[in-house]
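Visitor: Dropping the sequence and predicted coords here.
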Amino acid sequence: MTKRSTYGAIALAFGAAITVTLSGCNVPVLSQTTKTYDEARAAQTAALKPKVDGSSLKNQGYLTVGLRTARSTIPFYLATDAGETSGIDVDVASILASELGLKVRFVSVASTSKGLESDCDIVMDTASNSDVAGARIVGTYAEQSTAFFHKGASGAVSAADLNGKTVGLQGGSVSQKALGDSGLTMTQKTFDSLNDCFDALAAGSVDYVLCDAYAGAYLARMYNGLAFAGTIDVPQTAGVAVASTNSSLLKALGEAMGAAQMGGCLDIVRSHWIGDLPVLTAAEQVKDVPKSVSAATADDSSGGGLTVGGNAAAPPA
């Protein structure tokens, strides 16, 4: 399993994570008075006008964002040894902070409920079907699912395409369990890392890889001819958790999420990290997958959240 980094509070101005040029996303624009990116970013930060009352925030002037670094993995979150952070969660939170007229501060939290109670204003990447006490989920910017990847065109395959084929997996991963809970008859080949799984797929030593959909899409972009082949489960959407009692921030955040979606900012983040992976819905699920006998009789008590387990991707060397 890939080792994941954790970190303390880091203050960032918007623009540090995404370096594309799109005025609708409030990316700093160079001018005669701000000739460098850092100057433009500093000028933009100085001009921020908060749209949320300071009493609704943990730190006035900042949107304090909780990241569950112990469970989040690439492409949602990654950190270098130098303390630099990036990922979908970092980028989306930075966009939302900018829309709210705030700077952004990131903190590591152990859980959504504990984070909102004492450490942060919002928690990223929370499943929309989660039952988090005292919290509401705002918007949607990602999906949680386990997916197949193969050499070929992007799109959901059928169970008939999978049966009898070889699949690369990380041993002991959530993906391996998901395959075991299905009635698919595939030859499993296990690897130490997800990166090794995709190397094997590119080399033709396995027919498919089964892994977390977003981690897989992130890695598939680095190879020629590898593509999404459908999910093994019904995808669950994920959004931003906010304390249900914080009505002012709930309203403002909903408006900020809507503006980010309408302005195309969230599409840019998605494309940057996971390429052309489609928005995952039930339509992207592999067709006609039977349940195994044990899975059909087992009590499903998954709790509505994806635990990545051994599905972690590592950044390219």
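Guide: Perfect, thanks for sending it. Residues are numbered from 1 along each chain as shown.
Visitor: Quick one: list the elements packing against the longest strand anywhere in the chain.
Guide: Assignment by DSSP state E gives strand 135-144 as the longest strand of the chain. The contact analysis (3 or more CB pairs under 8 Å, 6 or more residues apart in numbering; DSSP states H and E) places strand 135-144 against helix 88-99, strand 122-127, helix 213-220, strand 236-243, helix 247-262, helix 265-274. Heads up, the C-betas are built off the backbone N, CA and C, glycines and all.
Visitor: Give me the contact list for that strand.
Guide: 76, 88, 92, 112-113, 116, 122-123, 125-128, 130, 213-214, 235-244, 250, 253-254, 257-258, 261, 266, 269-270, 279-281, 305-306 (CB atoms under 8 Å, 6 or more residues apart in numbering).
Visitor: quick one: which helix or strand includes residue 66?
Guide: Assigned by DSSP states H and E, residue 66 belongs to strand 62-67.
Visitor: Sheet-wise, list the partners of that strand with their directions.
Guide: Here strand 62-67 is paired, per DSSP bridges, with strand 103-108 (parallel), strand 122-127 (parallel).
Visitor: downstream neighbour of that strand in the secondary structure list?
Guide: Assigned by DSSP H and E, the successor of strand 62-67 is strand 78-79.
Visitor: Off-centre distance for that following strand?
Guide: Distance of strand 78-79 from the chain centroid (CA atoms, centre = their mean, to the nearest Å) equals 13 Å.
Visitor: and what of stretch 61-69?
Guide: The mean C-alpha position of stretch 61-69 is separated from the chain mean by 15 Å, CA atoms, centre = their mean.
Visitor: Buried by neighbour count: which residues of that stretch qualify?
Guide: For stretch 61-69, a neighbour-count test (16 or more other CB atoms under 10 Å) marks 62-69 as buried.
Visitor: Over to stretch 240-248?
Guide: Applying 16+ other CB under 10 Å to stretch 240-248 flags 240-243, 246 as buried.
Visitor: can those residues go into TSV with extra columns for distance to residue 140 and pLDDT?
Guide: Shown next, in TSV, are those (distance: CB to CB, whole Å; pLDDT from 0 to 100):
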residue	distance to residue 140	pLDDT
240	9	97
241	12	97
242	14	97
243	19	96
246	19	96
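Visitor: Using JSON lines, please lay out those together with distance to residue 143.
Guide: Shown next, in JSON lines, are the buried residues of stretch 240-248 (distance: CB to CB, whole Å):
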{"residue": "240", "distance to residue 143": "14"}
{"residue": "241", "distance to residue 143": "16"}
{"residue": "242", "distance to residue 143": "20"}
{"residue": "243", "distance to residue 143": "24"}
{"residue": "246", "distance to residue 143": "26"}
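Visitor: thinking again about what came up before, as PDB, could you dump the C-alpha coordinates of the longest strand of the chain?
Guide: Below are the C-alpha coordinates for strand 135-144, written out as PDB (Å, rounded to 0.1, in the frame of the first residue of the first chain):
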ATOM      1  CA  ALA A 135     -23.500  18.000   9.100                       C
ATOM      2  CA  ARG A 136     -25.000  18.600   5.700                       C
ATOM      3  CA  ILE A 137     -23.300  17.800   2.300                       C
ATOM      4  CA  VAL A 138     -23.200  20.700  -0.200                       C
ATOM      5  CA  GLY A 139     -22.800  20.200  -3.900                       C
ATOM      6  CA  THR A 140     -21.200  17.400  -5.900                       C
ATOM      7  CA  TYR A 141     -17.700  17.400  -7.300                       C
ATOM      8  CA  ALA A 142     -16.600  13.800  -7.400                       C
ATOM      9  CA  GLU A 143     -17.800  10.200  -7.400                       C
ATOM     10  CA  GLN A 144     -16.700   7.200  -5.400                       C
END
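Visitor: buried stuff in stretch 273-281?
Guide: In stretch 273-281, counting by 16+ other CB under 10 Å, buried: 273-274, 277, 280.
Visitor: Domain ranges for the protein, per the record?
Guide: If you go by automatic domain parsing, the domain ranges for the chain are 10-144+237-274, 146-233+281-311.
Visitor: Which of those has the lowest mean pLDDT?
Guide: Mean pLDDT is lowest for domain 10-144+237-274 among these, at a mean of 82.
Visitor: From the chain's centroid, how far away is that domain?
Guide: The answer for domain 10-144+237-274 is 13 Å, by CA atoms, centre = their mean.
Visitor: Let me know the angle separating the longest strand of the chain from helix 247-262.
Guide: Inter-element angle recorded for strand 135-144 and helix 247-262: 20 degrees (by axes from the mean of the first three to the mean of the last three CA atoms, to 10 degrees).
Visitor: All good on my end, thank you.
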